[in-house]
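Asks: what follows is a predicted structure for the sequence shown.
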Amino acid sequence: DTGVSQDPRHKITKRGQNVTFRCDPISEHNRLYWYRQTLGQGPEFLTYFQNEAQLEKSRLLSNRFSAERPKGSFSTLEIQRTEQGDSAMYLCASSLSGGGLDEQYFGPGTRLTVT
Amino acid sequence: AQSVTQLGSHVSVSEGALVLLRCNYSSSVPPYLFWYVQYPNQGLQLLLKYTSAATLVKGINGFEAEFKKSETSFHLTKPSAHMSDAAEYFCAVSDGNAGNMLTFGGGTRLMVKP
């Protein structure tokens, strides 16, 4: 068990560029979550997948954001036409659903800076 | 709808002193409650969780929290602070829906003085 990994750890981009982040969950976990954490705030839920199906999306996820989990394993989060307000830490978490309350394990995050 | 309020964005204690981090929640259904810790440049690590069993929950690193329904609180305590406890602490609530998505409070930064 190597834990949840995220790549890259840091990304600096210019406003208007597109960026893509990757999350690799713990291998047997079927649920995968994306959260966004701005400076001095707690994480905010963006979206989650059960296997390859995207089952819930927050209103925070504007149409410039898209997330995929094509084979039910790793996931990507793409932001198109980045804005300065997108600067944040993007956290990925995974869990194994088992009929009860599953524990979410978090990755180290990708810190995005939009200049 | 659910929400979490953490009173005190910064808490400072001396090494060996009691740690008390406050969390109040709002939930329309019986909640699941969590405390996470975040060290610099790391992800969140689960300290403990309440899932409607015992109201006093013991977690890792000597932390514990008590669920008080009448006060809608889930405060985190540790009898004796260590320097290694210095970190950001987040309280979170889930209603079990939407894949158990978590709603977090704003966080409390704990500083431990020698």
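Replies: Yep, it's here. Numbering: from 1, shown residues only, chains lettered A, B, ... in the order given.
Asks: what's the closest non-adjacent residue to the residue in chain A positioned nearest to chain B?
Replies: Closest residue of chain A to chain B, C-beta to the nearest C-beta: A:G42 (3.2 Å). Every C-beta, even on glycine, is put in place using the N, C-alpha and C of the backbone. In space, and not counting its chain neighbours, A:G42 is closest to B:F104: 3.2 Å by C-beta to C-beta, 6 or more residues apart in numbering or on different chains.
Asks: tell me the strands beside the helix or strand A:M89 falls within, with direction?
Replies: Taking DSSP states H and E as the definition, A:M89 sits inside strand A:88-95. Each strand paired with strand A:88-95, and its direction, by DSSP bridges: strand A:31-37 (antiparallel), strand A:105-106 (antiparallel), strand A:110-114 (antiparallel).
Asks: what's next to that strand, contact-wise?
Replies: With C-beta atoms under 8 Å, 6 or more residues apart in numbering or on different chains as the contact definition, strand A:88-95 has outside contacts at A:4, A:6, A:21, A:23, A:25-26, A:29-39, A:43, A:75, A:77, A:102-107, A:109-112, B:43-44, B:100.
Asks: which one of the strands paired with strand A:88-95 is the most hemmed in?
Replies: strand A:31-37 (a mean of 24; mean count of other C-beta atoms under 10 Å in any protein chain shown).
Asks: count the residues that sit near the residue nearest to A:N30 when sequence neighbours are not counted.
Replies: In space, A:N30 comes closest to A:N51 once its chain neighbours are excluded; the distance is 5.4 Å by C-beta to C-beta, 6+ apart. When counting by other C-beta atoms under 10 Å in any protein chain shown, one arrives at 13 neighbours for A:N51.
Asks: which secondary element of chain A has the worst mean pLDDT?
Replies: strand A:53-57 (a mean of 90; mean pLDDT, DSSP states H and E).
Asks: before we move on, back to that, let's have the strands paired with strand A:88-95 in a markdown table, adding mean pLDDT.
Replies: Shown next, in a markdown table, are the strands paired with strand A:88-95 (pLDDT from 0 to 100):
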| stretch | mean pLDDT |
| --- | --- |
| strand A:31-37 | 95 |
| strand A:105-106 | 93 |
| strand A:110-114 | 97 |
